[in-house]
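Student: Please work out how this folds:
(4 chains)
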Protein chains: 4
Amino acid sequence: MAPVHGFLYPKTATGRSSLIPSPPWHYSGDLLTVEYRTDPARVAELLPAPLEPAAEDPGAVAIIWADWQSCSESAEELLDPVRAQYKECFVVVRCSFEGRTYSRCVYIWVDKDFAIARGLHQGYPKKLGSIHQTRPHPYGQAAPRIGAGGRFGATLAAADRRLAEAVVTLREPSETNGFVNGHPMAHHRFLPSIEPDGSPALHELIESGAAGFEAGPAWAGDAELRLLESPAEELARLEVTEVIGAYFRQVGVVWNGGTRLWDGAAARVDSA
Amino acid sequence: MAPVHGFLYPKTATGRSSLIPSPPWHYSGDLLTVEYRTDPARVAELLPAPLEPAAEDPGAVAIIWADWQSCSESAEELLDPVRAQYKECFVVVRCSFEGRTYSRCVYIWVDKDFAIARGLHQGYPKKLGSIHQTRPHPYGQAAPRIGAGGRFGATLAAADRRLAEAVVTLREPSETNGFVNGHPMAHHRFLPSIEPDGSPALHELIESGAAGFEAGPAWAGDAELRLLESPAEELARLEVTEVIGAYFRQVGVVWNGGTRLWDGAAARVDSA
Amino acid sequence: MAPVHGFLYPKTATGRSSLIPSPPWHYSGDLLTVEYRTDPARVAELLPAPLEPAAEDPGAVAIIWADWQSCSESAEELLDPVRAQYKECFVVVRCSFEGRTYSRCVYIWVDKDFAIARGLHQGYPKKLGSIHQTRPHPYGQAAPRIGAGGRFGATLAAADRRLAEAVVTLREPSETNGFVNGHPMAHHRFLPSIEPDGSPALHELIESGAAGFEAGPAWAGDAELRLLESPAEELARLEVTEVIGAYFRQVGVVWNGGTRLWDGAAARVDSA
Amino acid sequence: MAPVHGFLYPKTATGRSSLIPSPPWHYSGDLLTVEYRTDPARVAELLPAPLEPAAEDPGAVAIIWADWQSCSESAEELLDPVRAQYKECFVVVRCSFEGRTYSRCVYIWVDKDFAIARGLHQGYPKKLGSIHQTRPHPYGQAAPRIGAGGRFGATLAAADRRLAEAVVTLREPSETNGFVNGHPMAHHRFLPSIEPDGSPALHELIESGAAGFEAGPAWAGDAELRLLESPAEELARLEVTEVIGAYFRQVGVVWNGGTRLWDGAAARVDSA
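Tutor: Below is the predicted model of the structure:
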């Protein structure tokens, strides 16, 4: 019986091979957010028990592009940046659990395996995608500045199909970076039983949020957003009824674990 | 409380978005295998409780390249082949549990997200990699034939570093396609608690194997194999002491679930 | 003045760095072809001087997916298959030059740099794309067999947008693999002057074809084909009026240079 | 005879499909430079006629990583950033032509097709690679700041092999961003004849440089640099004898054509 180490698989004698190291995890990056309203029923149908729709503005959705650099406590990934950089596009709604409002990621695409693995731990339902967002830069004509009039494009594709396209034009400084993604996250973690028709091997609801946060000024802007059909995706089902607003912000985040809110296995027993 | 559907995340009202559909899963592909011996202690250190080293030839290792097409029962993925094709390179050792010999995948790299997700279910410790193997073809001078003298190259890279290179030259038909990967698989499924220092949310040992299998003739051959260092990998630690043999075979496989062998949570309680 | 070597850039003392080696180039692969008719004016507008539309069936188009392995005379690429394998999707029309009928590739996407470089030499207007086609395989349920009823999907994407999708169902053996791509190729090779408004640095029409060819039986089938819009592409402008037929064939090809048909620089002088 | 349009292939009635638009081309990005000395003979062997080694410090080499956003005069690519963003790693030496000192790119890897195509026009010997460099960011612990102590990693891989790795630690503001890449570029443009053993179809020496330039402050730093072997590359042959220095700078550049310095075809005639 060998003692194996590593936060996640593959576990080895040293732990060095683990796809991801232990938290805390550090992030530096740029967020481009478009908030809009869809039919609240389309949000509600993505909220399994024990969640309920948010009391206010239950059809509000945020689609967020993020261009990240990330690392573990050692920061060693930063000097081998293929292991630090990734991009993601994720879709957040709000919900309610035991009377409290939570944010919840219902769809998310990333472009690295370590990001998928972190999502597995955090309950983000990650797929691989191809994600791009315009980068601000202080010099030359091939980049917007962070300021009024700055225009940013953002696109998402998966399985060789474009799924979303946005163009955001910054207008003015903003008090907030939006409201839909502003609560602690409530995510299910789920794995089926290996045995056909068995009870899930894992079925729980967890809460997590940032353990540390710093940020530059938020900018508000105007947005165009298109969601496109794909046979393997349902993002376009969250159709855009009304754009609420758009935001750009540079942030630094620390993530360091969360709390288990609910145990599906125990709940099953309780209701039996 | 919305009923959500889907074998895995993201779960939706229709289930259509799930990263992977329910088993059974079908595979058609080519396997290129190199078997070799390493220091048995290097194998043993990858076998956590309740596993033990195999009784015979405990230092035997198989490194296997596979060029797959795969699909669900509907076979719809085959007509959108970006969702059906993937390549993998995996490393298998043998171990013992309750007196029975199992195969066990200790490292594996794939190049698609649906393959990562299947591995999550099956207990394969998958990372993304760039995997290539020479393809046989019946015409032209840019491919080996499947037959004596046919030469196949195979390479593995991850995070922009090459990790393994093999060249296999087929010699003669073979009764077997090797012995290391010939047993049912014994894999751990593991997910840490979301709470720092909590007990694992999931920690179990499962068994699975092919629910269906057909294959062409196996060919045996000679192999050269190089394993290369990387700061984020330990494949090269399974250093090649002696090449046992090499094999090429075209196969069709069905996978349809497995059995839970051991529950780490219960085991913890038992030993308390 | 150092003697530098290499068929193409970068040229070095040894020639080993050249992006591509000297011809002959060998190819082994599978071709999936859909032939259709479009408005002949849409074909004609892609035929610059000195070309003219083909005399017969001037609106005929072939869109061809190819899953290749390729190598130079040394064949060394085959043992390092990341340097040998590539996929392409290309669109062929016919044209006439000095009374002879030629095939001509008007659009083409590949997924490797060495394929781009060969196209530069051969006059194929190559871009990078993501190309997939169903692979036949003799075992399992995750692949069609090469035979009646075998169904093959094929897709093309570039810049994260899907550009073409086809499904081909094989029906019966066929005398031919289509007729649109059956002539020698007539391609322009062109490079602008480095000086603004200067005459082109290179502007010529070349002819080339296979120096060697072998193939398995051709299969004819039925096809569905969709061409999709993109702001940076005009493939969809060659809209499908009528599907002519579809074909699958495994081939081996040798390419070894061609002939210069016409010199744009001289033509300019002649017409002055 | 249809009038076709487009700066480069594929040429169409509208010109919209051209892989690259007409210059001017705009760039905004971050440059990470390591300058070092190698054996001057290794530089000289990369300088074909009519070039000669630089008079001073003929063994000086710069290896430069660049993280770019780029666009044409319309700037439309910036709102579809998959068509604007690319990364490159390139190696520059100096040389002399008719008594004047030039910079010259001897090796370069990029990660997009439009960047390859621009290089074709500009005489950069581009291959595809996987290029990463640490990005500075003003917030969080997952990025260096642009300032003393900021540490940046940079890596290059091609064909699944790592070719170069650097770590740069910024020390102090600098008057310059290095000297090796500070001259106009002297590049050959070359294409073989389509006819075996024919004279080159194109063989010329061109000069080009920035038509516009703005930049932030340059920072000087200390560097570690490793160059790694590959069977298809000769970068490691420019081995590091002595690191000269390292630099980081954010720049905006405009490129808008150049001048033909020398015509290989005419030179051949002259010397006949």
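
Student: Enumerate every residue touching A:Asp67.
Tutor: A:Asp67 is in contact with A:Gly29, A:Asp30, A:Lys87, A:Gln133, A:Arg135, counting by C-beta atoms under 8 Å, 6 or more residues apart in numbering or on different chains. Just so you know, the C-beta spots here come from the backbone N, C-alpha and C atoms, and that holds for glycine as well.

Student: Next one: A:Ala266, what pLDDT does it get?
Tutor: In this model, A:Ala266 is scored at 80, pLDDT.

Student: Would it be right to say that it lies in a helix?
Tutor: Yes: the assignment for A:Ala266 is a helix, going by DSSP: H, G, I helix; E, B strand; the rest coil.

Student: A:Ala41: which element?
Tutor: helix A:40-44 (DSSP states H and E).

Student: what's the closest of the contacts of A:Asp67 to B:Glu172?
Tutor: A:Lys87 (49.5 Å; C-beta to C-beta).

Student: neighbours around the closest residue in space to that closest one that isn't next to it in sequence, how many?
Tutor: Spatial nearest neighbour of A:Lys87, chain neighbours left out: A:Ile131 (4.0 Å); criterion: C-beta to C-beta, 6 or more residues apart in numbering or on different chains. Neighbourhood size, A:Ile131 [other C-beta atoms under 10 Å in any protein chain shown]: 26.

Student: cool, A:Thr134 as well?
Tutor: A:Thr134 has 29 neighbouring residues, counting by other C-beta under 10 Å.

Student: Where does the stretch 151-272 of chain A get nearest to chain D, which residue?
Tutor: Residue of the stretch 151-272 of chain A nearest chain D, by C-beta to the nearest C-beta: A:Gly252 (2.1 Å).

Student: I'd like to know the beta-bridge partner residues of that residue.
Tutor: A:Ser28, A:Glu214 (DSSP bridges).

Student: Could you check how far it is from D:Gln141?
Tutor: According to C-beta to C-beta, to the nearest Å, A:Gly252 and D:Gln141 sit 7 Å apart.

Student: swap in A:Arg135?
Tutor: Taking C-beta to C-beta, one finds A:Arg135 at 20 Å from D:Gln141.

Student: got it, and A:Asn256?
Tutor: From A:Asn256 to D:Gln141 the distance is 12 Å (C-beta to C-beta).

Student: Who has more neighbours out of the two?
Tutor: Between A:Asn256 and D:Gln141, counting by other C-beta under 10 Å, D:Gln141 is the more crowded of the two (21 against 16).

Student: can I assume the more buried one is in contact with A:Val254?
Tutor: Yes: counting by C-beta atoms under 8 Å, D:Gln141 touches A:Val254, with 7.3 Å between them.

Student: Could you export the contacts of A:Asp67 as CSV, including pLDDT?
Tutor: Putting these into CSV (pLDDT from 0 to 100) gives the following:
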residue, pLDDT
A:Gly29, 98
A:Asp30, 98
A:Lys87, 98
A:Gln133, 98
A:Arg135, 98
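
Student: Out of the residues you listed, flag the one nearest to chain B.
Tutor: Closest to chain B, out of all of the contacts of A:Asp67 and judged by C-beta to the nearest C-beta, is A:Lys87, at 14.7 Å.

Student: can you pull up the bridge partners for that closest one?
Tutor: Using DSSP bridges, the bridge partners assigned to A:Lys87 are A:Asp67.

Student: repeat for A:His188
Tutor: Beta-bridge pairing of A:His188 under DSSP bridges involves A:Leu205.

Student: Same question for A:Gly245.
Tutor: Beta-bridge pairing of A:Gly245 under DSSP bridges involves A:Glu35.

Student: Does the helix holding A:Ala41 reach chain B?
Tutor: Yes: Helix A:40-44 comes into contact with chain B (C-beta under 8 Å from any C-beta of the partner chain), by way of A:Ala44.

Student: Direction included, what does the following helix or strand past that helix pair up with?
Tutor: Downstream of helix A:40-44, the next assigned helix or strand under DSSP H and E is strand A:52-53. In the sheet, strand A:52-53 lines up against strand A:85-97 (antiparallel) (DSSP bridges).

Student: any chance you could map the strands in the stretch 1-150 of chain A?
Tutor: A:25-37, A:52-53, A:60-71, A:85-97, A:100-110, A:126-128, A:130-133 (DSSP state E, counting those that start in this stretch).

Student: In JSON lines, list those along with distance to B:Glu76.
Tutor: Formatted as JSON lines, these follow (distance: least, C-beta to C-beta, whole Å):
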{"stretch": "strand A:25-37", "distance to B:Glu76": "31"}
{"stretch": "strand A:52-53", "distance to B:Glu76": "33"}
{"stretch": "strand A:60-71", "distance to B:Glu76": "27"}
{"stretch": "strand A:85-97", "distance to B:Glu76": "24"}
{"stretch": "strand A:100-110", "distance to B:Glu76": "21"}
{"stretch": "strand A:126-128", "distance to B:Glu76": "17"}
{"stretch": "strand A:130-133", "distance to B:Glu76": "22"}
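
Student: C:Ala55: which of those strands is closest?
Tutor: C:Ala55 lies closest to strand A:130-133 among the strands of the stretch 1-150 of chain A, at 44.0 Å (C-beta to C-beta).

Student: Which residues does the closest one contact?
Tutor: Contacts to strand A:130-133, defined as C-beta under 8 Å, 6+ apart, come from residues A:30, A:32, A:65-67, A:87-89, A:109-111, A:152-158, C:160, D:80-82, D:85.

Student: Partner strands of it and their direction?
Tutor: In the sheet, strand A:130-133 lines up against strand A:151-158 (antiparallel) (DSSP bridges).

Student: Note down every partner strand of the following helix or strand past the strand it pairs with and its orientation.
Tutor: For strand A:151-158, the succeeding helix or strand toward the C-terminus, using DSSP H and E, is strand A:161-174. Strand A:161-174 pairs in its sheet with strand A:151-158 (antiparallel), strand A:218-227 (antiparallel), by DSSP bridges.

Student: what about the ones you listed, which gets the closest to C:Ala223?
Tutor: Nearest to C:Ala223, of all the strands paired with strand A:161-174, is strand A:151-158, at 25.3 Å by C-beta to C-beta.

Student: Identify each buried residue in the closest one, please.
Tutor: For strand A:151-158, burial by neighbour count (16 or more other C-beta atoms under 10 Å in any protein chain shown) applies to A:Phe152, A:Gly153, A:Ala154, A:Thr155, A:Leu156, A:Ala157, A:Ala158.

Student: Stretch A:235-249 now?
Tutor: For stretch A:235-249, a neighbour-count test (16+ other C-beta under 10 Å) marks A:Leu235, A:Arg237, A:Leu238, A:Val240, A:Ile244, A:Gly245, A:Ala246, A:Tyr247, A:Phe248, A:Arg249 as buried.

Student: just so I know, which of the strands paired with strand A:161-174 lies nearest C:Pro125?
Tutor: Using C-beta to C-beta, the strands paired with strand A:161-174 put strand A:151-158 closest to C:Pro125, at 23.4 Å.
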